[in-house]
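*Asks:* This is the structure alone, sequence omitted:
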């Protein structure tokens, strides 16, 4: 399943901030990163509470794959606007891409708390819950037929079932919200079979 960032722009409080933001974007497009960063710094001094400016700056760091700075800027925006589901969702994606699955799950859950119809947050939360499944299946497939291997297989089978049970409600909700996603429906059916639900 694709795990994607949802880019958006906020509302600008100042034409000057908008102009400087556009200048920064031009610098970024021309790969003049130091100038782009300086333009954002200047624009923020003029308009420290301009959410649109901060989001644009955060998106610059996202494109640069500087996830730590991206997270820092988004967290500063969330400090003033704690009910922005998209920003929590984006933090979830960044955290998941960085291998921080527990943090990703918290961000997706917060996005869902704010917007209970946020389909992609349900899907990504299910994907995060299913993350350990491949390792368990690989370990199951590498076992032999000895009594010890059979015992280990049964233990791993239970672990796999628990992973699936954790993901199941999020997959169900996603399919409820997005009933035309055939891949999600197939995944839900497979998870339901393994969990016996």
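*Replies:* Sure thing, it's come through. What you see is a predicted model, and the numbers here were worked out from it, not measured in a lab.
*Asks:* most centrally placed residue in the chain?
*Replies:* Nearest to the geometric centre of the chain sits residue 93, at 1.8 Å (Cα atoms, centre = their mean).
*Asks:* Just the element for that residue, please.
*Replies:* helix 85-97 (DSSP states H and E).
*Asks:* Could you list the low-pLDDT ranges of the chain?
*Replies:* Applying pLDDT under 70 to the chain flags the ranges 1-17.
*Asks:* can we see that at 90?
*Replies:* For the chain, applying pLDDT under 90 flags the ranges 1-65, 67, 76-77, 79-81, 90, 94-95, 97-99, 132-134, 190-197.
*Asks:* For residue 70, see how far away residue 63 is.
*Replies:* Distance from residue 63 to residue 70, counting by Cβ to Cβ, to the nearest Å: 9 Å. Quick note: C-beta positions are derived from backbone N, CA and C, even for glycine.
*Asks:* name the helices or strands packed onto the helix holding residue 93?
*Replies:* Under the contact definition 3 or more Cβ pairs under 8 Å, 6 or more residues apart in numbering; DSSP states H and E, helix 85-97 sits against helix 67-80, helix 101-114, helix 119-129.
*Asks:* Determine which stretch of the ones you listed is the most buried.
*Replies:* Ranked by mean neighbour count, those are led by helix 119-129 with a mean of 24 (mean count of other Cβ atoms under 10 Å).
*Asks:* which other helices and strands contact it?
*Replies:* Packing contacts for helix 119-129, counted by 3+ Cβ pairs under 8 Å, 6+ apart, involve helix 85-97, helix 101-114, helix 147-177.
*Asks:* most packed of the ones you listed?
*Replies:* Among the helices and strands packed on helix 119-129, ranked by average contacts under mean count of other Cβ under 10 Å, first place goes to helix 85-97 (a mean of 22).
*Asks:* tilt between that one and helix 101-114?
*Replies:* Taking axes from the mean of the first three to the mean of the last three Cα atoms, to 10 degrees, helix 85-97 and helix 101-114 form an angle of 160 degrees between their directions.
*Asks:* quick thing: my sequence starts at 694, can you match it?
*Replies:* Sure, I'll start counting at 694 from here, so that last one is helix 778-790.
*Asks:* Name the residues that touch helix 778-790?
*Replies:* 696-699, 701, 755, 760, 763-764, 767-768, 770-771, 774, 794, 796-801, 803-805, 807-808, 811, 813-814, 817-818, 820-821 (Cβ atoms under 8 Å, 6 or more residues apart in numbering).
*Asks:* And that helix, how far out from the chain middle?
*Replies:* Relative to the centre of its chain, helix 778-790 is centred 3 Å away, using Cα atoms, centre = their mean, to the nearest Å.
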